[in-house]
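> Quick one, structure for this:
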Amino acid sequence: MKRHPLKKALTLAVTFTALFSSFAHAKSLPPSSVNAVNKSEISSKFQSIVPFQVVEINDHVTGLYEIVADKGIFYASKDGQFLVSGAVHQFKQGLPNLTEAKKAQIAARSIDSLRSTFVTYKAANERYEVLAFFDSSCGYCRKMHKEISQYNALGITVHYALYPRSGLTDRYGQPAQSALELSDIACSENPNMALNTLMQGGAIKAVRCQSPVASHYELGQWLGVQGTPSIYDMAGNSVMPGYAPASQMLKTLQQMTQG
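The predicted structure follows:
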């Protein structure tokens, strides 16, 4: 059953209250009585309880440990007694979201490292670049690709991240059909031609290689992709949650640049 948003918010508020009450209490105690644990211990404890892998642990401006895991960002008290799941905001005008800023920073690094594995349709007079999470079984992806020349004509380079929207495997644990098709595209000698052929209803050759599809899927999961196509800029910021005509996408990119 899906939890009601109000109950989730109240639970998070109670957790924060308990957490910061512990900080206030800790500050009133002699330094020797504050039992801080190191990052290695935090990492071990986290991974023994939560089914996520720790990527890094950092000291955070809040006085907490920042735990960057493969599925999100969490925060732990220095004594290892409290774990917080939720966004941290700076308490000032605009309430800057520090958690989302960190997620975008990590996403930008991942996007840059995966750049050569995307299927790219480059604009001759490039003004903007976008990353579109693309699934071969998605009707709106097909529509977007049919109009790819329109995006390019407006100076928008489109990089496709190959993202099987139903997951990498089916309910029997076998590779999902779209995951196989996307891998065939990625592994072909000419990924652009293979993708074009498939989108036009043609058959493509089954090819196996060290496919980047799993990495593209993990990137989409990190960014919170809910469906395809989902459009981001190359810094990991959301541009469009779904399909948009080329003119509308250009307008949004212009507004993001100006804003």
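> what does the helix or strand hosting residue 57 rub up against?
Assigned by DSSP states H and E, residue 57 belongs to strand 54-59. For strand 54-59, contacts defined as C-beta atoms under 8 Å, 6 or more residues apart in numbering pick out 39, 42, 43, 46, 47, 65, 66, 67, 68, 69, 70, 106. Where C-beta positions appear, they are placed from N, C-alpha and C, glycine not excepted.
> Flag every buried residue along whichever strand or helix holds the fourth one.
With elements delineated by DSSP H and E, residue 46 resides in helix 39-49, which encompasses its position. Going by neighbour count (16 or more other C-beta atoms under 10 Å), the buried part of helix 39-49 is 42, 43, 46.
> Mind checking the pLDDT average for stretch 37-48?
For stretch 37-48, mean pLDDT is 95.
> got it, and stretch 203-218?
Across stretch 203-218, pLDDT averages out at 95.
> That stretch: end-to-end distance?
Its start and end residues considered, stretch 203-218 measures 27 Å (C-alpha to C-alpha, to the nearest Å).
> is it true that residue 63 touches residue 78?
Yes: if you go by C-beta atoms under 8 Å, residue 63 and residue 78 touch, sitting 7.0 Å apart.
> more crowded one of the two?
Taking residue 63 and residue 78 together and counting by other C-beta atoms under 10 Å, residue 78 has the greater number of neighbours (19 against 13).
> How about the contacts made by that one?
Contacts of residue 78 (C-beta under 8 Å, 6+ apart): 34, 36, 37, 63, 64, 65.
> Kindly list the main-chain dihedrals of it?
Main-chain dihedrals, residue 78, degrees, to the nearest 10: phi -70, psi -20.
> What's the separation between it and residue 55?
Between residue 78 and residue 55 the computed distance is 20 Å (C-beta to C-beta, to the nearest Å).
> Kindly report the same for residue 153.
Separation of residue 153 from residue 55 (C-beta to C-beta): 40 Å.
> Show me what counts as buried in stretch 94-102.
Result for stretch 94-102 [16+ other C-beta under 10 Å]: buried residues 98, 99, 100, 102.
> Quick check: residue 130 is in a strand.
Yes: according to DSSP: H, G, I helix; E, B strand; the rest coil, the state of residue 130 is that of a strand.
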